[in-house]
Every structure is written in C-alpha cells, then in structure tokens.
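Colleague: Here you go, sequence then predicted model.
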Amino acid sequence: MSQATISTEQALPTTPTRSRRRTRLGALLEGLLYLAPTLIGLALFIYWPIVESFRLSLNRVAPFGNRMRFVGFENYRTLLTDPEYWQSVRVTFWFVLGTVPVGIALAVLLAILLSYPLRHLSWLHRTLIFVPIVISSAITGVLFRWLYHPVVGYLNYWMVQIGIFDSMKDAPNWLSDKTWALVAVIIATTWRQLGFNVIIALAGVQNIDESFYDAAKVDGANSWQRIRHVTLPLLSPTLFFLLIINVIYSFQAFGEIDILTLGGPGRATTTMVYSIYVDAFVGTPMRGIASAQAYILAIVVIVMSFLQFATVSRRVHYQ
Amino acid sequence: MAVQTKSKPRSERLTGGDIFVQILLIAIGLMISMPIIIALFTSFKVPTQVVSFPPQVIPREWSVESYRIAWQVNPFGRFLLNSTIQSGVITICQVFFSVLAAYAFSVLDFPGRNALFYIVLGSLMIPFELVFIPNFQLVSAWGLGDTYGGLTLPFLVSAFGVFMLRQFFLTVPKDFHDAATIDGAGNWRYLWQILVPLSKGAIGAFAIFAFLSAWNQYLWPLIITNSVDMRTLQIGIRFFMSTLDRGADWGPVMAGSIIALAPALAAFLIAQKQLVRGIAMTGLKG
C-alpha cells in the first residue's frame, strides 16, 4: 500500500552540522503541525479508548452503587461460562454465515452480468443495482419492516402469488418467529451490503485482461466455461478480499437488528454487537461486562483486518 | 481500477443475447431497488389506502398527506436541521484535517513520517465497538452528551480520508512542488494554491464519502442524544416507528424515511461515478 512512499531516510552525514540538525527539527515540527488535528483526534477517540476499554473490562459496577470495582478477568470468566453469551456467539455465527456467502455469490453474478458489453442503459442498471449503498442501516430496517408486515406486507403477498406458500396464513410471520427473524435481518443486511460488493466484484472482473478470454475463445470454451475457468480463478484475490471485509462488516451490523427486532424475539437476533449495546446502554448499564465483550469482538475483527490489509496490497498488485 | 464498460460495440446489430441481458438486468435492478420504490410510492398514497389487501404498489390517488402528518407529529424540521449540522460539521472538518495530514504524509519529509503514517493507518482496523463505550463516557464527562459537540466530536478526523487523499497527492508530480519552491511559495501556499485545486476531484469524492457516512450514522447518535430536539433523522425515524405499530401509520413512517434518505440518494445520483471509483480504488466505503 505504501511502497510508493517508503522513502529511505536520507543517510545522515557522519558529522551532522548544526544547521542540518536544525532543519530536520524544523521539518519535524512543521510535519507535526499539519498532523496535529488528526493525531490528537485519533489519540483521544481511538487509541486512548482502546486502553480505557480494557481497564473497564477489568471492572464491575458494585451492586447498589455507581462505583466500579476492580475484578481482574472476572468479567471474561463470567462471559465464557454464560449460556446467554454463547447464544449471541452462535447467532453471530449464523448471521455471518447467512449474509456473507450469499452476498458474495450474488455480487459476482451481478458483476459478470454488468460487465456484459451492452450499448444502452448501462447507467440505469448500475444505478438500480448500486443504490442500496447509500441507504443507512436504520432506513434499511424501516423499509424491510414494511415489506415483512405479516398481514399487509408485500413480501408474503408476492411469495403466495408466485406459489412459494399456499396462503398468507402459511407464509412466515417474519419478525415474531425466532428462525424467520434471523433470516429477516440477514436479508435486510445482505441487501444493504450488495451495492458495495458488486462494485468491488465488478472492478475485479473488469481488471481481468481481455486476452485471457480471447485465448479461451480460441480454445473453444463456451461462456460458462470461460466464467468457470477464466473469470473465477482470476477473481480469487477479489473474492478473498470480499470474504474478509464482509465478515468484518457482518460482525458489526447493528442498525437493521435494532430497527427490525431489537435483538428478539427472545434473544434470537441478539448478535455479539447487539449484546454489547444492550449491556452497556439499555436498562442498568453494565459497562464492565460490555467492554469485555467488546474486547472479544474486537480481537476477531482486528485479526480479520490484518488479513484485509494484506489483501488490499495484493489486489493492487494484481493489476 | 476504473469501473466502466470496456465494451466496444462489436457490431451494429442487436443480438438476441443483448436483448436478453438487457431485460434481465433491468428486472434485477428493479428487484434490488424495490424496497426504495415501494417506500416512495407508499409515502405518496392517501393514508387510508396505505394498508390494503392485496397490497398495491402504485398509488391509486397521489397525496402528500403522509408527509404532512409525519411533519406534524414529529419535529422533522428540527431533525433535518440536526442531521444537516452534524453531517456538515463532520464533513468539513474531516476534509480540512485530512487534507492537512495527507499533505504531511505525501509531500513533506520529516523524521518519523512512516511510523506516524502507520499509526494513522492502524486506526482503521479498530472496530467502533471497541471504543464507543469510553467515547461515550468521555464525551458525557465533558458535559457534551445530547449536544452537537457530542454528536460530532469523535468523528472530526478520518484515517480513511488521510489515506485516500495521500494516495492521490502522491500521484501529483513532484515537479510542481519544486517549481513552487523555486518561485518562493512555502508549503502552506503550495498546498492551498496548487495542490488542492489540482485535487478537487479526489477531495470532492472524499467529501461525499464523509457526508454519506455521517448522514447515515446510527449507533452513536442513538446513544449520545437524549432529548427529542437533538435527534438526527435516523434516530427520529426510529422513535417515530417504535411508538406506533398500527397499520394506518405506515404512510407517515415511509414519508419520514424518504425525507431521511433523500439527501443521501441525491448525493449518489449526482456523484455516482466518483463514489464507485472511490470504492473500487480503496476497497472501503468510508
């Protein structure tokens, strides 16, 4: 990513003169002046909170009081033996499994379709397919809540019309059934992510050199064989990148869940992130245990991010 | 990685395959944007016709009554103002501070530059969930809970913006800087009079990213605002929806949603190309 900048520090002369030292000091001060707002902002609202979060995770609010009490790793111990916490881990697992593979498969399919050379209306296709990208998670939740309405919702009505269900009575009661509620938040989240995924996949598809296809054509490959044996293998760095970044985004999905189900029914859609929010901000705040959960979640996300950064440079090199 | 059709019309004749793909793409596109289209139509229905069976997509009669009701039972004007101030302040500050930092990381040369760059870049890996509880406590301790300051303060700088603009600044030939230096222009003047005008496109693209992610923020405004008067549109809609679950009120809820998504949608329609290019280039969405 930064190969371009790694400017090897100029070798210092064996006997640095005073003025040279002063210019280097001046350069440092000038640089810091330009960086000051960014560094201060990141220090206050990212780096210091990392430490503070850890401190919080080692404390617990004493019963009948507002005072925090140091408890060591007790919060982590409690979590690991708490069936409710493991339930949120399971929900997160199914949520990620439900959003990521389907989202990527759809994105690749759409990217291949979009790269079909059409002379007309390609701006319209793109606009219609990319547009969810600017819809917020909260509004996504609201739009889908209307679609999922069990009595007058469009989704059930259409599913009955095309014969997936016999009647409105058989159609799912999306948000009050435990299994369907999870499916409902998965669909909404996948929808919001789709535009982003298609853009990345399309960039990947268009990056593949035309000559590969020409060669395959000469060898007599039909369109399906060209997709299977040329597009997909050459797309693998993009696919890997999409996999990682989608897992990260899915781990952090919040708005749709809050609007559609509030984590319910029961705790059927309470993912790890939703559980942090509930413990920290709903009812009696339990910020110690919430911070411990945040730390566990963060470790997963940070490991994924490391992989992501590795693939960003791969993706760029691939061109 | 420009996203654009490589297509050169192979022949002037439309083939059967062309027509098939054309129809398929329009159908898929309509399916994907259907939730938005339905919301738009629902918001323009006469409130008594919003709930009907079988559900009807296109309004029989058009009406702005739902918008009037939404506006009457909620301080939507105030929500709109709050969202505008919140997103405006965040966007302006992020752009300004990111330009400064990107300049330091691309043009200036000083000891420790790379180490500092990695510190900035590394912050991109930190999930918001790890920092939002301490941030909430800090902002509250400063007495900024439920204020514009509290809404905006943690988001005034952007590591993503620094990264994106730095990548662009690096593509500007160093000769410009040398020429400016010979002409006696200092760094500050070179940055604002030459580099920034040359980078209008990239800066504009980042501004759109910054605006969209600020406008669409949800978790932070949800926890940091208390009073109805400080809610952003996203939060206003949430509470509007949660207070009523009777079918008749869906019209105004949809109207509110359309108000909340309209500015983001407009930004998308105006700057789709820059947005798409930015995402394809950075692999991030701000």
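Modeller: That came through, no problem. Residues are numbered from 1 along each chain as shown, chains lettered A, B, ... in the order given.

Colleague: quick one: the residue nearest the centre of chain A and A:Asn197, what's the gap?
Modeller: Nearest to the mean C-alpha position of chain A, by Cα atoms, centre = their mean, lies A:Tyr249 at 0.9 Å. Separation of A:Tyr249 from A:Asn197 (Cβ to Cβ, to the nearest Å): 10 Å. Quick note: C-beta positions are derived from backbone N, CA and C, even for glycine.

Colleague: Report the buried residues of the strand or helix carrying B:Ala262.
Modeller: Assigned by DSSP states H and E, B:Ala262 belongs to helix B:250-282. Buried residues in helix B:250-282, counted by 16 or more other Cβ atoms under 10 Å in any protein chain shown: B:250-261, B:263-265, B:267-268, B:271-272, B:274-282.

Colleague: what's the answer for stretch B:132-149, then?
Modeller: Result for stretch B:132-149 [16+ other Cβ under 10 Å]: buried residues B:Phe132, B:Ile133, B:Pro134, B:Asn135, B:Phe136, B:Gln137, B:Leu138, B:Val139, B:Leu144, B:Gly145, B:Asp146, B:Thr147.

Colleague: What about the residues you listed, which are in helices?
Modeller: B:Phe132, B:Ile133, B:Pro134, B:Asn135, B:Phe136, B:Gln137, B:Leu138, B:Val139 (DSSP state H).

Colleague: tell me the contacts of the second one?
Modeller: This means B:Ile133. Contacts here follow Cβ atoms under 8 Å, 6 or more residues apart in numbering or on different chains; on that basis B:Ile133 touches A:Pro49, A:Ser53, A:Leu56, A:Ile276, A:Ala280, A:Arg287, A:Ala290, A:Ser291, A:Ala294.

Colleague: Next step: the residues you listed restricted to helices.
Modeller: The members of these that map onto helices under DSSP H are A:Pro49, A:Ser53, A:Leu56, A:Ile276, A:Ala280, A:Arg287, A:Ala290, A:Ser291, A:Ala294.

Colleague: out of those residues, which is most surrounded?
Modeller: Counting neighbours by other Cβ atoms under 10 Å in any protein chain shown, A:Ala294 leads the ones in helices among the contacts of B:Ile133 with 31 neighbours.

Colleague: residues in contact with it?
Modeller: A:Ala294 makes contact with A:Ser53, A:Ser57, A:Ile276, B:Glu129, B:Leu130, B:Phe132, B:Ile133, according to Cβ under 8 Å, 6+ apart.

Colleague: returning to what we had before: please list which of the buried residues of helix B:250-282 are also close to chain A.
Modeller: B:250, B:253-254, B:257, B:260-261, B:264-265, B:267-268, B:272, B:275-276, B:279-280 (Cβ under 8 Å from any Cβ of the partner chain).

Colleague: Let me know the average pLDDT across the helix holding B:Ala262.
Modeller: Averaging pLDDT along helix B:250-282 gives 90.

Colleague: where does the chain have low pLDDT?
Modeller: Using chain A here. A:1-22, A:62-66, A:311-319 (pLDDT under 70).

Colleague: sorry, should have said chain B
Modeller: Short version for chain B, where the test is pLDDT under 70: B:1-13, B:244-248, B:286.

Colleague: switch to 90 and redo it
Modeller: Chain B contains residues with pLDDT under 90 at B:1-22, B:46-61, B:63-66, B:69-74, B:76, B:124-125, B:172-186, B:201, B:239-251, B:271-286.

Colleague: Nearest the geometric middle of it, what residue?
Modeller: Closest-to-mean residue, chain B, Cα atoms, centre = their mean: B:Leu212 / 0.7 Å.

Colleague: Could you tell me which residues within the helix or strand that contains that one count as buried?
Modeller: B:Leu212 belongs to helix B:200-215 when assigned by DSSP H and E. By neighbour count on 16+ other Cβ under 10 Å, the buried set for helix B:200-215 is B:202-203, B:205-215.

Colleague: Not counting it itself, show me its contacts.
Modeller: A:134, A:136, B:83, B:86-87, B:90-91, B:94-95, B:98-99, B:155, B:158, B:160-161, B:164-165, B:168, B:196, B:263-264, B:267-268, B:271, B:274-275, B:277-278, B:285-286.

Colleague: Could you pull up phi and psi at the closest residue to B:Phe79 other than its chain neighbours?
Modeller: Leaving aside its chain neighbours, B:Phe79 sits nearest to B:Gly236 (4.0 Å; criterion: Cβ to Cβ, 6 or more residues apart in numbering or on different chains). The phi/psi pair for B:Gly236 (degrees, to the nearest 10) reads phi -60, psi -40.

Colleague: right, and B:Gly236 touches B:Phe76 too?
Modeller: Yes - here B:Gly236 reaches B:Phe76: they are 6.9 Å apart, a contact under Cβ atoms under 8 Å.

Colleague: Can you tell me the SS state at B:Leu130?
Modeller: helix (DSSP: H, G, I helix; E, B strand; the rest coil).

Colleague: No more questions from me, cheers.
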